Structure formats: structure tokens, C-alpha cells
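> fold the following for me, if possible:
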Amino acid sequence: MQAGQALETLANSVTLSPYEAGIYESTGDRRFEKIVRFATVDCVKAGWLIKHKGVWSLTDTGTEAYQKHTDPASFYKEAVRLYNQWKAAQAGQSPEHAVPEDSATAVEDKTVSVTYEQAEEQAWGEIEQYLRGVNPYEFQELVADLLRAMGYHIGWISPAGKDGGVDIIANTDPLGTRPPRIKVQVKRISHRVDTDGLKSFIAIINEDDVGLFISTGGFTREAQSFARNQERRRITLIDLERLIDLWIQFYGKLDDKARQRLPLTPIYFLTPPN
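From the prediction side, this is the model:
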């Protein structure tokens, strides 16, 4: 679940105290969100929660902990214990010598983690929102630019109108005489592509081709499994996160015109302790 959505859902499910509902004058943020973010640092270090690029995911261990510790106070106490255990291991100490939860060092470490988390969340959110608003044919050109930066040669890009399921054809050599030929379908959509949507694409992929399906909405688990289990056709699925990762990875090889389609600037933050 998106972090913002998780925080909003939680806020709507409880009654906030006047203090929790208050606003930090320096940032304009509600105190409740900051309190929850600090508390979930313990859950992350306990192995119960994964925070990745603005998405929060509950682990199997986290589900077990939730079912075992039905009392909120007991749940958080166990998360703090595991956090202290992790912190002590980082310092090469035994758990009984762990730094207290409310110590200046612990608070500073959590502040770094929360600051980094919010910065990453905001950056990915803005990039995703930008790409979802790009004209579909401009987005198609962006994908072609990325393939060029990766060393492929673009043989054809679909003009506006019906394309028959293929938006881009790329090759591994300038003349397109060597296999495989890469057929690309580009979908700038908000919903996930299901198995039926994938089957219609696979139907136009020959055995000597490679199929590349790019969808900003991602793919259902069934569609991912269906693609992996193809024995005679090679199919690669790329969701929005993977596309952005590739854009960042090959950013240095993009020409100036290509960079303007999705201009990015690296900003450095203090890395939180692992």
C-alpha cells in the first residue's frame, strides 16, 4: 500500500487527540503522521514491515506478530525489543546493553530514517505522477529513447492510431539482420494488466522474437506467472518502478533531447543505518 494511503486509512480508523491532530508549524505536517513514521521504524527493524520507494508492505513475520500480539501495547513493546536487539547487534553489543528507545542517539537514528523515507517517497511519487500525465505517444518515445541508451537500435515506432499490438520494434544491430527482434508494447495505464491482456500480446510474438511489455499500472500476479512460464516465447514485463530504475541506470547515456522527456537530478541524503 502507498505510504500516504496507509497513513490516511489509519488516521480515519482512530480518534486523534488534539496533540496528534496538531500541525508542526515549521513544516505544516500533521503530528500524527510523524508519530506513526517514528513508530514504524521499530517495525521495519523487527522485520515486520518493508518500506520501499513509498510503498509499505507487511511481511509474513509481521502478519504473525499482528496475530500473536493482539494488544497494541504488547505489539509495540515487542517491536521496540526487536529494534533494540537490532541496534545492539549493529554496535556489537548484547541486547541488554542496547541504547534506550528515548535516548538522543536512538531518536537521531530514527529521525534520519524518517527523513530519508519521506524524501524517497516524495521523489518517487512526483516521478510517477509526472509519467502518468505524459501524453501516450510522448511516453512511447521515452521508451524508445531508453532502448537506444541501452544499446538497441529502433527500427520502427508506431504512429498515432491503431498499432496492432506493437508500439516499437527494436533490433540488436543497426540493420536489423540479426535475431532476436524485439517487439514492444507500451501501456500508460493506471490498472494492472491481467492474463488476458498479456495473451493478446504474446499471440503476436514469434519464436525468434523477444516480447517487451511495459505497463505503468503493473501486472497481476497471474500475468507475471504466465509470462515466466512461457517455454517457447521470451517475454519481459516492465512496470513503472522498473522503468524508472532503468532510466536512472542509463541516464548518462541518454541524449539531451531524451533527458528532457524525464529530467532527473540526484539529491543526496544521509543514509539511515541498516
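
> so what's residue 32 closest to, chain neighbours aside?
residue 20 (4.3 Å; C-beta to C-beta, 6 or more residues apart in numbering). Where you see a C-beta, it was placed from the backbone N, CA and C, and this is true even at glycine.

> and the one you found, how close does it get to residue 127?
31 Å (C-beta to C-beta, to the nearest Å).

> keeping just the C-alphas, turn stretch 208-227 into PDB.
This file holds the C-alpha atoms of stretch 208-227, laid out as PDB (Å, rounded to 0.1, in the frame of the first residue of the first chain):
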ATOM      1  CA  ASP A 208      12.500 -15.800 -32.800                       C
ATOM      2  CA  ASP A 209      11.200 -12.600 -31.200                       C
ATOM      3  CA  VAL A 210      11.500 -11.100 -27.800                       C
ATOM      4  CA  GLY A 211       8.400  -9.500 -26.300                       C
ATOM      5  CA  LEU A 212       8.800  -6.500 -24.100                       C
ATOM      6  CA  PHE A 213       5.600  -5.400 -22.300                       C
ATOM      7  CA  ILE A 214       5.800  -2.000 -20.500                       C
ATOM      8  CA  SER A 215       2.900  -1.000 -18.300                       C
ATOM      9  CA  THR A 216       2.700   1.900 -15.800                       C
ATOM     10  CA  GLY A 217      -0.100   0.100 -14.000                       C
ATOM     11  CA  GLY A 218       2.000  -3.000 -13.500                       C
ATOM     12  CA  PHE A 219       0.800  -6.600 -13.900                       C
ATOM     13  CA  THR A 220      -1.400  -9.000 -11.900                       C
ATOM     14  CA  ARG A 221       0.400 -11.900 -10.200                       C
ATOM     15  CA  GLU A 222      -1.300 -14.300 -12.600                       C
ATOM     16  CA  ALA A 223       0.000 -12.300 -15.600                       C
ATOM     17  CA  GLN A 224       3.500 -12.400 -14.100                       C
ATOM     18  CA  SER A 225       3.400 -16.100 -13.600                       C
ATOM     19  CA  PHE A 226       2.000 -16.600 -17.100                       C
ATOM     20  CA  ALA A 227       5.000 -14.700 -18.600                       C
END
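
> tell me how far it lies from the chain's centre.
Distance, stretch centre to chain centre, for stretch 208-227: 17 Å (C-alpha atoms, centre = their mean, to the nearest Å).

> and if you look at stretch 242-255?
In terms of C-alpha atoms, centre = their mean, the centre of stretch 242-255 is set 15 Å apart from its chain centre.

> ok, residues contacting it?
124, 127-128, 131, 143, 145-146, 149-150, 214, 216, 238, 259, 262, 264 (C-beta atoms under 8 Å, 6 or more residues apart in numbering).

> same thing but at 7 Å, please
For stretch 242-255, the external contacting residues (C-beta atoms under 7 Å, 6 or more residues apart in numbering) are 127, 145-146, 149-150, 214, 262, 264.

> just stretch 149-159 next, same as before
Residues contacting stretch 149-159 (C-beta under 7 Å, 6+ apart): 140, 144, 147-148, 166-174, 176, 182, 250, 253-254, 258.
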